[in-house]
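Student: Below are the sequence and a predicted model for it; my questions follow.
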Amino acid sequence: REVQGRLDAMYQEWREAGYQLFAVLVHQGLAGSGHYWAYIRSDTPGEGGAGDRTAGRWIKYSDSHVTLEEEEEVWRMSVGGEGRASAYYLLYRRCTPSHTSDRPDRPAQPVSSDAHVPEYLRQRVEEDNARLAAEIRRWDEAQGAVV
């Protein structure tokens with residue numbers, strides 16, 4: 001009983017949290033070839049560089065093309081059959097129960113999961129993110145020099 005009580009308390013947060021779909025990776029073509037793209041739902045105003053008009057909207061990232069898409073397009077291109085396109089990977093965001101919603105005017109609020117990430121792993125991710133940010137800055141500077 002004591003062990004069960006401790007387990008119940010440990011996983012209480014997980015049982016109470018809801019999940020919201022926030023990204024769909026799509027493949028169009030055959031098993032050996034084709035085209036890949038991603039739909040990502042922007043729940044943060046300004047995410048995607050287009051100001052508040054992206055909040056709660058789906059953004060399609062396909063090669064060098066980035067476009068805002070209607071939710072119906074995401075579902076139509078994700079269920080298979082349409083031009084041999086179908087979703088092959090779905091990503092969900094854990095959210096607080098009161099904010100789990102598909103309504104664009106009330107985006108879901110991600111649940112902080114820092115308590116579940118070991119310190120050594122958190123530090124490694126932060127270091128990797130810093131390296132990536134430096135690489136992006138170098139690339140942006142190089143592109144500016146070329147233009």
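Tutor: Received it, and whenever you're ready, just let me know what you need. What you see is a predicted model, and the numbers here were worked out from it, not measured in a lab.
Student: I'd like the distance from the biggest helix by length in the chain to the chain centre, please.
Tutor: Assignment by DSSP state H gives helix 119-146 as the longest helix of the chain. Once both centres are worked out by CA atoms, centre = their mean, to the nearest Å, helix 119-146 turns out to sit 19 Å from its chain's centre.
Student: quick one: the helices in this structure?
Tutor: 2-16, 71-78, 119-146.
Student: Highest mean neighbour count out of those helices?
Tutor: Highest mean neighbour count of those: helix 71-78, a mean of 15 (counted as mean count of other CB atoms under 10 Å). For every residue, glycine as well, the C-beta is placed using N, CA and C.
Student: before we move on, the earlier item: please work out the average pLDDT along the longest helix of the chain.
Tutor: Helix 119-146 shows an average pLDDT of 83 in the prediction.
Student: next one: stretch 59-72
Tutor: In this model, stretch 59-72 carries a mean pLDDT of 91.
Student: Show the end-to-end separation of it, please.
Tutor: In stretch 59-72, first residue to last residue: 12 Å (CA to CA, to the nearest Å).
Student: Check stretch 21-40 too.
Tutor: This stretch, stretch 21-40, spans 9 Å end to end (CA to CA).
Student: Show me what that stretch is in contact with.
Tutor: Counting by CB atoms under 8 Å, 6 or more residues apart in numbering, stretch 21-40 makes contact with 41, 43, 58-63, 69, 74, 77-78, 83-93, 108, all of which sit outside it.
Student: In strands only, show me those residues.
Tutor: Within the contacts of stretch 21-40, residues falling in strands by DSSP state E are 41, 58-62, 69, 85-93.
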